[in-house]
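Engineer: return atomic coordinates for the entry below.
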Amino acid sequence: MRIMQATFFEPLRWQEQSARVAVYNGGEELKVYYQITAPRDLGVICHGRPVEELPRILSLLGPAHHIASAVALDRLFNVEPPPLAVNMRHALLQTLVFSHHLRKLFFFLTSLEDPLADRHSAPRTLGQPPFLHHLFDEVMQCLSLAQEAATILGGRPEHPLTAVAGGVGRYVKPQSYVRLAEISDTCVIFAIKLAEIFGRNLLGASEAVERLKEVSLEPMLSLSMTHDADGSVVLRDQTSKEIDRFTPDNVFDKVELFHEPWTYEPFACLKGKGRNVFDGNGGDGLYFVGPLARLNRGLELSTPRAEQERQHLFESLGPAPQVTLAAAYRTLLVELIQAAEQMTELYDQEKLTGPTTRTIPKEMGQQATGAIESPQGLIVHRYRVDDRGMVQELDILDTAAQNNALRCRIARRAVEESMTRNKSQEEIRKNIEASLLPF
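Structural biologist: Model (predicted):
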């Protein structure tokens, strides 16, 4: 009888949910599981509550869910938000993208150098970029500015409360317009600076590049939204070729969730397709979402500096589709710049002023679906209510479920390649964390 040796890497840093990686090694047989260790069922919380409360409740999943919920309510109550509300929501969403990506990049920097270490007495690791400690204070200052902007627009940075059915619940205060302009200017300048440091210095440091190259990703299907008026959802194959297109209303007709006994988080897959999480051939229905999926659409970006950085990415790493960790981190930089540039446009006082903040609903349907591209990727909400507006059914397609298979495969690849190189357990853990971070 073969005895399986179990090793657990927990807790994993930088994961939004409680997670660990379990490794079972029985000689020639190696099994690696990325496990979410705590259940999460918001349907129990939301069932029977007034549907208008969902934007505030569902922000527990992430601040972008606040906006997605408001979009679903617009459709449920058949209202069109006024331009002021649309711009404010979009400005808040871009601010959330900026904050999210900047945190991810900061965590990657801290994986290379401890920001709390004594910079004068602590020995420096060979090959470690000598300039990193100068960035930490600047990153944190810029992040605090983005959080201040999110507070102005959303009421709170992590759990916004401003979006409601038909628009937003308040105006921007007059004294805040100048402050928003100052914040956006600072964010653009720093985003460009950070991209230059990553491209010319950090990714030129041999140790950092080798760490990113140690884990290669398996090509997978991807799902993302278009910028069309109807906001179509596009499914692309492993070569980024479009193979299907449908409206957000049809997402739950195309996608379903299934469970595995070793994790609390479900997996999203295409209906009628393969579900094998660890086999690329047997898992042809599994897909991923997020910044890398958006990059692989191959579409020109709407802001000049971000488009310039996107072109530089392809010049450095090769044409789309990109399936490397280096591309995943560089994509965060591309979208960081794009978010900052769009913040500059949307923070304009003329776009955040208007005669009304909300279109008051006059009727209510029975079911509605709302979808947005969040910082982490596509998220979809579908609500069904009774005649009094009480929630009867709640379906949420979160990025956690849609990227669950990708994270499982990345964790397995990180462990396999680290063990091949005879890494220590601490080095394996760090390799897992850095590999999972951009997703």
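
Engineer: touching, Tyr329 and Leu109? I think so.
Structural biologist: No: at 10.6 Å, Tyr329 does not count as touching Leu109 under the criterion of Cβ atoms under 8 Å. For the C-beta atoms, the positions are set from N, CA and C on the backbone; glycine is no exception.

Engineer: strands along the stretch 51-200 of the chain, start to end?
Structural biologist: Taking DSSP state E, counting those that start in this stretch, the strands of the stretch 51-200 of the chain run over residues 163-164, 167-168.

Engineer: just the residues contacting the first one, thanks.
Structural biologist: Same thing as strand 163-164. Taking Cβ atoms under 8 Å, 6 or more residues apart in numbering as the criterion, the residues outside strand 163-164 that touch it are 52, 55, 66-67, 69-70, 73, 85, 89, 92, 154, 169, 358.

Engineer: reformat those as a markdown table; add distance to His259.
Structural biologist: Conversion of these to a markdown table gives the following (distance: Cβ to Cβ, whole Å):
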| residue | distance to His259 |
| --- | --- |
| Glu52 | 31 |
| Pro55 | 27 |
| His66 | 27 |
| Ile67 | 28 |
| Ser69 | 24 |
| Ala70 | 29 |
| Leu73 | 29 |
| Ala85 | 38 |
| Arg89 | 33 |
| Leu92 | 33 |
| Gly154 | 33 |
| Gly169 | 37 |
| Arg358 | 39 |
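
Engineer: need the buried ones from those residues selected in ChimeraX.
Structural biologist: Buried residues among these (16 or more other Cβ atoms under 10 Å), as a ChimeraX selection:
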select :52,55,66,67,69,70,73,85,89,92,154,358
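
Engineer: now for the longest helix along the chain, which elements pack on it?
Structural biologist: Secondary structure of the chain per DSSP state H: the longest helix is helix 83-112. Contacting helix 83-112 under the criterion 3 or more Cβ pairs under 8 Å, 6 or more residues apart in numbering; DSSP states H and E are the following elements: helix 64-76, helix 133-154, strand 163-164, strand 167-168, helix 176-197, helix 325-346, strand 367-374, helix 425-436.

Engineer: what about 6 Å?
Structural biologist: Identification of packing neighbours for helix 83-112 by 3 or more Cβ pairs under 6 Å, 6 or more residues apart in numbering; DSSP states H and E yields helix 64-76, helix 133-154, strand 167-168, helix 325-346.

Engineer: let me have the ones you listed in JSON lines, extended by mean pLDDT and distance to Ser216.
Structural biologist: Written out in JSON lines, the entries for the helices and strands packed on helix 83-112 read as follows (pLDDT from 0 to 100; distance: least, Cβ to Cβ, whole Å):
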{"stretch": "helix 64-76", "mean pLDDT": "97", "distance to Ser216": "29"}
{"stretch": "helix 133-154", "mean pLDDT": "92", "distance to Ser216": "28"}
{"stretch": "strand 167-168", "mean pLDDT": "97", "distance to Ser216": "44"}
{"stretch": "helix 325-346", "mean pLDDT": "95", "distance to Ser216": "8"}
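
Engineer: where does the stretch 151-300 of the chain have low pLDDT?
Structural biologist: Counting by pLDDT under 70, the stretch 151-300 of the chain contains low-confidence ranges at 199-215, 229, 280-282.

Engineer: cutoff 90 now
Structural biologist: Applying pLDDT under 90 to the stretch 151-300 of the chain flags residues 156-158, 196-219, 227-231, 272-276, 278-284, 298-299.

Engineer: so where do the helices sit in it?
Structural biologist: When secondary structure is read from DSSP state H, counting those that start in this stretch, the stretch 151-300 of the chain shows helices at 176-197, 206-213, 251-254, 291-295.

Engineer: how much space between the residue nearest the centre of the chain and Leu42?
Structural biologist: Taking Cα atoms, centre = their mean, the centroid of the chain lies closest to Gln376, which sits 1.2 Å from it. To Leu42, Gln376 is 17 Å away according to Cβ to Cβ, to the nearest Å.

Engineer: try Leu336
Structural biologist: From Leu336 across to Leu42, the span is 29 Å (Cβ to Cβ).

Engineer: what's the answer for Leu286, then?
Structural biologist: With distances taken as Cβ to Cβ, Leu286 is found 23 Å from Leu42.

Engineer: cool, and Glu80?
Structural biologist: Relative to Leu42, and taking Cβ to Cβ, Glu80 is found at 28 Å.

Engineer: next one: Leu437
Structural biologist: Leu437 is 25 Å from Leu42, by Cβ to Cβ.

Engineer: what backbone torsions are found at Met390?
Structural biologist: phi -90, psi 140 (degrees, to the nearest 10).

Engineer: check it and give its pLDDT.
Structural biologist: If you check Met390, the pLDDT there is 97.

Engineer: can you tell me the SS state at Val380?
Structural biologist: Three-state call for Val380 (DSSP: H, G, I helix; E, B strand; the rest coil): strand.

Engineer: tally of neighbours for it?
Structural biologist: The local packing count at Val380 equals 24, with neighbours defined by other Cβ atoms under 10 Å.

Engineer: in space, what's closest to Thr344 - neighbours in sequence excluded?
Structural biologist: The shortest distance from Thr344 to any residue other than its chain neighbours is 4.3 Å, reached at Ser184 (Cβ to Cβ, 6 or more residues apart in numbering).

Engineer: quickly note the distance from the one you found to Met390.
Structural biologist: If you measure Ser184 against Met390 using Cβ to Cβ, the figure is 40 Å.

Engineer: who has more neighbours, those two?
Structural biologist: Neighbour comparison, Ser184 and Met390: the larger count goes to Ser184, with 27 against 13 (by other Cβ under 10 Å).

Engineer: Pro361 and Pro81 touch, don't they?
Structural biologist: No: counting by Cβ atoms under 6 Å, Pro81 is not a contact partner of Pro361; they are 10.9 Å apart.

Engineer: overlap of the contact sets of these two?
Structural biologist: Common contact partners of Pro361 and Pro81 (Cβ atoms under 6 Å, 6 or more residues apart in numbering): Gly166.

Engineer: the two: which is more packed in?
Structural biologist: In this comparison of Pro361 against Pro81, neighbours counted by other Cβ under 10 Å, the higher total goes to Pro81 at 23 against 17.

Engineer: for that one, grab phi and psi.
Structural biologist: Given degrees, to the nearest 10, the pair of backbone angles that Pro81 has is phi -60, psi 150.

Engineer: now it: closest residue in space, sequence neighbours ignored.
Structural biologist: Gly167 (4.2 Å).
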